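>>> need a 3D model of the following:
(one chain, ligands or ions: 3)
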Amino acid sequence: MSKLSIRRMDLSLIKKKFRGCMLGALSGDCLGSPYEGDHPLSAGEKIILQKSFDKLEGVYYKAPVMQYTDDSAMTKCLAESLIEKKNLDLVDVVKKFVKSYYREPNRGYGQSVITVFQKLRANKFTDILKPASEQFNGQGSLGNGGAMRIAPIALFSCHDYDEMIKMTRDETSLTHTHTIAIQQSLELDPEDELDTSEYIDNLIDKMDEIEVEDEDLNIDKSELMPYKHQLTCVKKFMENQNKPTSETVINKLGNDVTAVGSVATAIYCFLRAKYPIDDIHTDNPMRRAIQYAITLGGDTDTIASMAGAIAGAFYGDDKMSQELLRHCEASAEFDKLAVDLFDITIKE
Ligand code: RVK
Ligand code: MG
Ligand code: MG
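Ligands and ions are numbered 1, 2, ... in the order given. Presented below is the predicted three-dimensional model:
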C-alpha cells in the first residue's frame, strides 16, 4: 500500500478524494438518519435496508430526497467558513453554527449543544469558549458533535499533520480525533489494495502520541487511553477470521452519541467494508461501509457520515454512487464545497 505525500499526488486524484470525503460525509448522514435508534437492525430490517438502498440506486427511482441533519449542517458551516476566511476563524465558525441553528432548528441537533448556541447568542459572541466549557457542570460534552463535522478541517490541513491536530483541538477538543483517519485515507493510493492492518497500526501509533499516558497502573487502561483501546479492538476484529457479530461490535466499540462510542466504530465500518458482509449485497465498498454502519443501529446518521467521509477520502468520488447521491439533499452544494476547499488548499 503506497503512502503518497499529498504534495506529490496527482492533482486530479486529490480532487476526487476531497469530493469523495465531503460527499461521503453528507450521504452517510442523509441515508443514515432515518434509522437512528438504539438496537442493531434485525434480519428483517436489514432486508428492508438493502431493498431501500437498491431502490434508491435504481435509475428510474426519483423520489425521495433525504434530508441532512445537524452533522451536515455543521460540516457545511465549517467548510464555508474555511473557504471564505482561508483560515480557521473560530469566531466566524461559531457565528455560522448559531445562525444556521436558528435558521433551521429542526435538523436533529444534540440535546445539550442547543444551550451552547443560546448562550453564545446571549453573550453576543464576546466569549466563544465559555458556553461550551460550562456544559455538564463544567465537564464539557462528550458527544460526537466535534467528530461528526470535522471533515473540512482534515481536507484544509491535509498537507500538514501537526497543523491538522492543532486545528482539530482548537475547533473541537482532544476527544474528537477522527480527522487522523481521514488524513490517512487521503494519503493512500486507492489503486493499491487497502492494507487494513497497516492502516489500523498507523492509527494506533498516532493515537499513542495523542493520548497522554498515565503512569497509575491501578486505573483501567481503557479509560486512560480510550481511543487507543478502541482502535486495538478494531485491529483484533480485523485480524480475526470469524468476523464479530453486530452485538459484539456495539459492545466493544459502541454505537452511541459519544465520541468514544462512535469514532472507532466508524473507522471499523470503513475497514470492514473492504470485504463482503452478510446481508449486504453490493460491489461498492463505499456503499457497503455506509450500509454496514446503519445496520449497527444507534447513532446511525453520525457513524455512517464519519465512515462515509473516511471511505470517500480513500476511494475518492469514483466510488460514490451517483444514484444514491441524487437522493441526498444539497449534494451539489457539498460537491462545490469540496471543489472550493480543494482550490484554496491545494491549488493556491
Ligand atoms: C441527536 C453525560 C453527555 C455528556 C456528559 C450526551 C445529533 C447527552 C447528531 C447529550 C449526533 C448527547 C449528536 C449529545 C451530536 C454528552 N455527560 N452525557 N459529559 N456529554 N452527553 O448535546 O453535538 O443527534 O445525552 O453536546 O455532541 O446526529 O445530549 O451534542 O449524533 O450526549 O447529536 O451531546 O451531539 P451534545 P453533540
Ligand atoms: Mg444528526
Ligand atoms: Mg447522530
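>>> need the contact list for the residue lying closest to Asp279 once chain neighbours are set aside.
Leaving aside its sequence neighbours, Asp279 sits nearest to Lys46 (C-beta to C-beta, 6 or more residues apart in numbering; 4.4 Å). The C-beta positions use only the backbone N, C-alpha and C, and glycine is treated the same way. Lys46 makes contacts with 279-280, 295, as judged by C-beta atoms under 8 Å, 6 or more residues apart in numbering.
>>> tell me the one of those nearest ligand 2?
Looking at the contacts of Lys46 and their distance to ligand 2, the nearest is Thr295, at 17.8 Å (C-beta to the ion).
>>> if we can go back for a sec, need the contacts of Lys46 in a markdown table with distance to Gly145 and secondary structure, can you?
As requested, the contacts of Lys46 are arranged in a markdown table below (distance: C-beta to C-beta, whole Å; DSSP: H, G, I helix; E, B strand; the rest coil):
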| residue | distance to Gly145 | secondary structure |
| --- | --- | --- |
| Asp279 | 30 | coil |
| Ile280 | 28 | strand |
| Thr295 | 23 | helix |
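>>> can you pick the most crowded of those residues?
Counting neighbours by other C-beta atoms under 10 Å, Thr295 comes out on top of the contacts of Lys46 with 23 neighbours.
>>> from the chain's centre, how far out does the helix or strand that contains the residue nearest to Asp279 sit?
Using DSSP states H and E, the element containing Lys46 is helix 43-57. Averaging C-alpha positions (C-alpha atoms, centre = their mean, to the nearest Å) puts helix 43-57 23 Å from its chain's average.
>>> which strands and helices lie in contact with the next helix or strand after that helix?
Of the helices and strands lying after helix 43-57 in sequence (DSSP H and E), the nearest is helix 70-85. Here helix 70-85 touches helix 11-32, helix 90-103, helix 151-156, helix 300-315, helix 331-342, going by 3 or more C-beta pairs under 8 Å, 6 or more residues apart in numbering; DSSP states H and E.
>>> helix 70-85 near ligand 3 anywhere?
No - on the criterion C-beta under 5 Å from the ion, helix 70-85 is out of touch with ligand 3, staying 6.1 Å away.
>>> which of the helices and strands packed on helix 70-85 sits closest to Glu134?
Closest approach to Glu134 among the helices and strands packed on helix 70-85 (C-beta to C-beta): helix 90-103, 14.7 Å.
>>> now for the residue lying closest to Gly108 once chain neighbours are set aside: which residues touch it?
With sequence-adjacent residues excluded and distances taken as C-beta to C-beta, 6+ apart, Gly108 is closest to Thr69, at 4.2 Å. Contacts for Thr69 were tallied using C-beta under 8 Å, 6+ apart; they are 29, 33, 107-108, 301.
>>> and for Tyr109?
Tyr109 makes contact with 70, 101, according to C-beta under 8 Å, 6+ apart.
>>> what does the pLDDT read for it?
Reading off the confidence values, Tyr109 has pLDDT 94.
>>> please apply the same query to Gly261.
Note for Gly261: predicted pLDDT of 93.
>>> and if you look at the one 10 residues further on?
We note a pLDDT of 97 for Leu271 in this prediction.
>>> if I look at it, how far off is ligand 3?
To ligand 3, Leu271 is 21 Å away according to C-beta to the ion, to the nearest Å.
>>> need the contact list for that residue.
Contact partners of Leu271, counting by C-beta under 8 Å, 6+ apart, are 194, 196, 199-200, 234, 238.
>>> show me what from the chain comes close to ligand 2.
Residues of the chain lying close to ligand 2 by C-beta under 5 Å from the ion are 69-71, 108, 301.
>>> out of the residues you listed, who's near ligand 1?
Contacts with ligand 1 within the residues of the chain next to ligand 2, as defined by C-beta under 6 Å from any ligand atom: 69-71, 108, 301.
>>> what parts of the chain come near ligand 3?
Within the chain, the residues that sit near ligand 3 (C-beta under 5 Å from the ion) are 299, 301-302.
>>> can you report phi and psi for the closest residue to ligand 2 within the chain?
Of all residues in the chain, the one sitting closest to ligand 2 is Thr69 (3.3 Å; C-beta to the ion). With angles defined as degrees, to the nearest 10, Thr69 sits at phi -120, psi -170.
>>> the lowest-mean-pLDDT helix or strand in the chain: what's the following helix or strand?
Sorting the helices and strands of the chain by mean pLDDT, DSSP states H and E puts helix 221-224 at the bottom, at a mean of 60. Using DSSP H and E, the next helix or strand after helix 221-224 towards the C-terminus is helix 226-239.
>>> helices or strands next to the next helix or strand after that next one in the packing?
The helix or strand immediately downstream of helix 226-239 is helix 246-253, counting by DSSP H and E. The helices and strands touching helix 246-253, judged by 3+ C-beta pairs under 8 Å, 6+ apart, are helix 226-239, helix 263-272.
>>> mind checking which helix or strand Asp208 is in?
Here Asp208 sits within helix 196-210, counting by DSSP H and E.
>>> that helix to helix 263-272, inter-axis angle?
With axes from the mean of the first three to the mean of the last three C-alpha atoms, to 10 degrees defining the directions, helix 196-210 sits at 160 degrees from helix 263-272.
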